[in-house]
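# Dropping the sequence and predicted coords here.
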Amino acid sequence: MTTVATGLESVAEAPRLQRFETPPLATRELLLLALGKIALQCAGITRYGFFRDELYYMACGRHLAWGYIDQPPLVAAFAWFSRHVFGNSIVSIRVLPVLAGAAIVFLTGVLARELGGGKTAQLLAAFAVLFTPAYLAFESFFSMNAFEPLFWMLCAWLAIRIAKGDSPKLWLAFGTIAGIGIENKHTMIVFGFALIAGLLLTGKQSILRSKWIWIGGLIALALFMPNLLWEAHHGWPQIQVVRNAQMFKNEQIGPLVFLGQQILFLNPLALPIWLAGLIWCFASPDEKRFRFLGWAYVIVLAIFIVGNGKSYYPLPVYPMLFAAGAVSWERVKSVSRQRQRKALVPLVLVSGLIMLPWAVPILPVNTFLKYENAFPRFFRVQTERDVTGRLPQLYADMLGWQNLAASVARVYHGLPATEQGSCAIFAGNYGEAGAIDYYGPKLGLPPAISGHNSYYDWGPRNYSGSCVILVGERSDIYSHYFGETDLVAHVSNPHGTPIERNVPIYICRKPVAPLDKLWPHFKMII
């Protein structure tokens with residue numbers, strides 16, 4: 001096989017490097033693979049619409065704070081940055097996730113190099129990550145998940161450098177990255193703990209005698225402290241969100257299904273690469289210093305399985321296994337194993353391309369539905385309850401938001417002019433509220449209010465409740481708090497999730513109490 005653009009032909013001709021050398025970095029080829037990742041992401045960047053959470057994060061970016069009911073502050077800061085630097089379009093908000101995805105591809109090659117991998121290992125690892133469906137899906141829209149693997153990989157890279165004997169002062173950089181990573185998503189704590197535990201389990205207790213690891217820990221704590229204080233001041237809402245999600249929202253699955261979904265998320269035909277990496281971490285007689293990576297993976301996986309986390313929570317840990325596995329495959333000596341190594345690239349490529357439409361919205365809706373029906377049902381993974389539909393949740397939650405906002409605008413502008421200024425638009429969930437906040441200014445709508453998550457914290461905005469347009473989830477329940485209710489419209493979204501397929505819109509008047517007094521009844525934390 002010949003692959004001129006990336007040099008992947010070297011998979012069949014692995015260079016023999018001494019164990020303790022740091023091979024040269026295949027910079028040009030890795031950059032080409034990173035550009036390939038950007039091209040794949042851009043192929044579907046505007047195919048559908050905003051994902052539900054993107055609308056919410058953009059709303060949070062207009063209310064900057066040190067914390068939010070359901071997330072740390074960094075994703076809102078990124079949303080604010082994107083809007084002010086790149087603009088307010090769907091492409092603008094997705095620039096940073098796309099760039100993060102390209103960086104992840106490149107850094108996977110860097111990890112392979114640090115583990116002793118030559119050009120073959122670097123390119124094989126980066127190529128496998130390039131065609132990993134889960135990472136393609138993560139970086140198809142703006143969310144915390146798009147950036148999380150980057151923080152985990154950087155910490156893994158620094159830990160590997162320290163394990164190889166580099167300056168312990170690198171713990172300062174480790175702490176800085178970990179602290180920023182916690183401000184992106186609290187699961188960064190799980191990975192940081194797993195890495196340190198892995199080092200201790202492999203006989204590296206001496207790291208605790210270094211002052212630099214403790215200073216690095218203090219740096220991480222200092223960076224986390226503003227959000228930690230915000231959480232404490234607000235009654236630890238993140239804990240409530242997690243508990244409610246486990247009780248009412250997340251799909252409950254067993255360990256075997258959890259592990260099976262890891263394989264599917266990562267591209268089934270890439271399993272020989274990352275599984276070889278796990279085996280190499282534990283079994284390589286020459287590289288015992290990297291055994292802590294295997295323990296870190298096991299600990300991360302165990303925590304999320306025992307803690308009933310969603311099956312995609314451990315996914316940021318896998319680039320280091322892809323890197324280790326690529327090194328393992330590069331060092332095979334038997335002719336039969338070399339042939340298997342050579343076959344990995346086309347197998348990963350074909351499998352990745354087959355699964356691409358599930359990860360990146362490259363196909364029109366009706367074409368995707370026909371494509372999906374041609375494959376077994378196990379290709380579809382459901383991580384939340386009550387989101388069953390013709391489309392996967394990722395795509396279903398990208399449809400219908402502009403039409404929803406336009407329908408609300410027609411109702412709003414149908415009110416008497418004297419009533420519009422005092423009429424609140426109350427949305428049932430943060431996706432519906434976020435859609436009104438994003439599309440509303442051009443439609444002449446005021447900002448929405450909602451009781452869902454951080455929208456609850458932003459309050460009723462001095463509305464009395466004398467006139468309220470209720471729209472979306474739970475609006476039939478909330479209408480009971482008003483003496484006069486009129487169901488004036490339904491918004492149809494046949495490809496949406498169940499709660500968005502037939503959205504009611506009410507005009508409500510004569511509240512049973514002022515809106516600020518009723519506000520606690522509208523609180524929905526999940």
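Structure's in. What do you need?
# CA atoms only: put the helix or strand where residue 112 lies into CSV for me.
Element membership of residue 112 [criterion: DSSP states H and E] is helix 95-114. Provided in CSV are the C-alpha atoms of helix 95-114 (Å, rounded to 0.1, in the frame of the first residue of the first chain):
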residue,chain,number,x,y,z
VAL,A,95,-14.2,26.8,15.2
LEU,A,96,-12.7,26.0,18.6
PRO,A,97,-14.0,22.4,18.7
VAL,A,98,-12.7,21.7,15.2
LEU,A,99,-9.3,23.1,16.1
ALA,A,100,-9.3,21.1,19.3
GLY,A,101,-10.0,17.9,17.3
ALA,A,102,-7.0,18.7,15.0
ALA,A,103,-4.8,19.2,18.0
ILE,A,104,-5.9,15.9,19.5
VAL,A,105,-4.9,14.1,16.3
PHE,A,106,-1.5,15.8,16.3
LEU,A,107,-0.9,15.2,20.0
THR,A,108,-1.7,11.5,19.7
GLY,A,109,1.3,11.3,17.4
VAL,A,110,3.4,13.2,20.0
LEU,A,111,2.3,10.8,22.7
ALA,A,112,3.4,7.8,20.5
ARG,A,113,6.8,9.5,20.1
GLU,A,114,7.2,10.1,23.8
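# for it, packing partners?
helix 27-42, helix 74-85, helix 119-130, helix 133-138, helix 144-163, helix 318-330 (3 or more Cβ pairs under 8 Å, 6 or more residues apart in numbering; DSSP states H and E). Where C-beta positions appear, they are placed from N, C-alpha and C, glycine not excepted.
# Which one, of these, ends up nearest to residue 368?
Residue 368 lies closest, by Cβ to Cβ, to one member of the helices and strands packed on helix 95-114: helix 133-138, at 13.7 Å.
# who's in contact with the closest one?
40-41, 97, 101, 104, 129, 145-146, 149, 264-267, 312, 315, 352, 355-356, 358-360, 394 (Cβ atoms under 8 Å, 6 or more residues apart in numbering).
# Check whether residue 483 sits in a helix, strand or coil.
Secondary structure, DSSP: H, G, I helix; E, B strand; the rest coil: residue 483 is strand.
# count of neighbours near it?
10 (other Cβ atoms under 10 Å).
# if I look at it, how far off is residue 38?
56 Å (Cβ to Cβ, to the nearest Å).
# now swap in residue 47 and tell me
From residue 47 to residue 38 the distance is 16 Å (Cβ to Cβ).
# Confirm for me that residue 202 is in contact with residue 287.
No. Using Cβ atoms under 8 Å, residue 202 is not in contact with residue 287; the gap is 11.3 Å.
# Got phi/psi on residue 424?
phi -90, psi 150 (degrees, to the nearest 10).
# wait, which of the helices and strands packed on helix 95-114 is closest to residue 493?
That would be helix 133-138 among these, by Cβ to Cβ, at 21.4 Å.
# Helices along the stretch 351-500 of the chain, start to end?
365-373, 393-396, 401-413, 417-420, 430-443, 454-457, 475-478 (DSSP state H, counting those that start in this stretch).
# Out of those helices, which is the most enclosed?
Compared across those, helix 430-443 shows the largest average neighbour count, a mean of 23 (mean count of other Cβ atoms under 10 Å).
# Can you pull out the residues in contact with that helix?
With Cβ under 8 Å, 6+ apart as the test, helix 430-443 has contacts from 50, 52-56, 58-59, 62, 397, 401-402, 404-406, 408-409, 425, 427, 445-450, 452-455, 471-473, 500, 503.
# repeat that with 6 Å
52, 55-56, 59, 401-402, 404-405, 409, 425, 427, 445, 447-448, 450, 452-453, 455, 472 (Cβ atoms under 6 Å, 6 or more residues apart in numbering).
# and that helix, C-alpha only, in PDB?
Provided in PDB are the C-alpha atoms of helix 430-443 (Å, rounded to 0.1, in the frame of the first residue of the first chain):
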ATOM      1  CA  TYR A 430     -32.600  25.500  28.200                       C
ATOM      2  CA  GLY A 431     -32.600  24.300  24.500                       C
ATOM      3  CA  GLU A 432     -35.900  26.100  23.800                       C
ATOM      4  CA  ALA A 433     -34.900  29.200  25.800                       C
ATOM      5  CA  GLY A 434     -31.500  29.200  24.100                       C
ATOM      6  CA  ALA A 435     -33.200  29.100  20.700                       C
ATOM      7  CA  ILE A 436     -35.300  32.100  21.500                       C
ATOM      8  CA  ASP A 437     -32.300  33.900  22.900                       C
ATOM      9  CA  TYR A 438     -30.200  33.200  19.700                       C
ATOM     10  CA  TYR A 439     -32.800  33.700  17.000                       C
ATOM     11  CA  GLY A 440     -35.000  36.100  18.900                       C
ATOM     12  CA  PRO A 441     -33.200  39.400  18.500                       C
ATOM     13  CA  LYS A 442     -33.700  39.300  14.700                       C
ATOM     14  CA  LEU A 443     -37.300  38.400  15.300                       C
END
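# Now do the contacts for the closest residue to residue 461 other than its chain neighbours.
In space, and not counting its chain neighbours, residue 461 is closest to residue 449: 5.7 Å by Cβ to Cβ, 6 or more residues apart in numbering. Residue 449 makes contact with 424, 426, 460-461 under the criterion Cβ under 6 Å, 6+ apart.
# Try it again at 10 Å.
Taking Cβ atoms under 10 Å, 6 or more residues apart in numbering, we find residue 449 in contact with 424-427, 433, 436-437, 455-456, 458-461, 463, 468, 515, 519, 522.
# List only buried entries from these.
Among the contacts of residue 449, those scoring as buried are 424-427, 433, 436-437, 455-456, 458, 460, 463, 468, 515, 519, 522 (criterion: 16 or more other Cβ atoms under 10 Å).
# From residue 99, how far out is the residue positioned nearest the centre of the chain?
Taking Cα atoms, centre = their mean, the centroid of the chain lies closest to residue 145, which sits 1.8 Å from it. Distance, residue 145 to residue 99, by Cβ to Cβ: 15 Å.
# And residue 120, by the same measure?
Taken as Cβ to Cβ, the span from residue 120 to residue 99 is 27 Å.
# Comparing those two, which residue is more hemmed in?
Neighbours were counted for residue 120 and for residue 99 using other Cβ under 10 Å; residue 120 has more, 26 against 18.
# The more buried one and residue 326 touch, don't they?
Yes. Using Cβ atoms under 10 Å, residue 120 makes contact with residue 326 at a distance of 7.5 Å.
# Tell me how many other residues crowd the residue lying closest to residue 396 once chain neighbours are set aside.
Using Cβ to Cβ, 6+ apart and skipping the chain neighbours, the partner closest in space to residue 396 is residue 497 (4.8 Å). The tally of other residues near residue 497 (other Cβ under 10 Å) stands at 20.
# So residue 497 versus residue 343, what's the distance?
40 Å.
# go on, residue 451?
The gap separating residue 451 from residue 343 is 55 Å, by Cβ to Cβ.
# got it, and residue 263?
Taking Cβ to Cβ, one finds residue 263 at 18 Å from residue 343.
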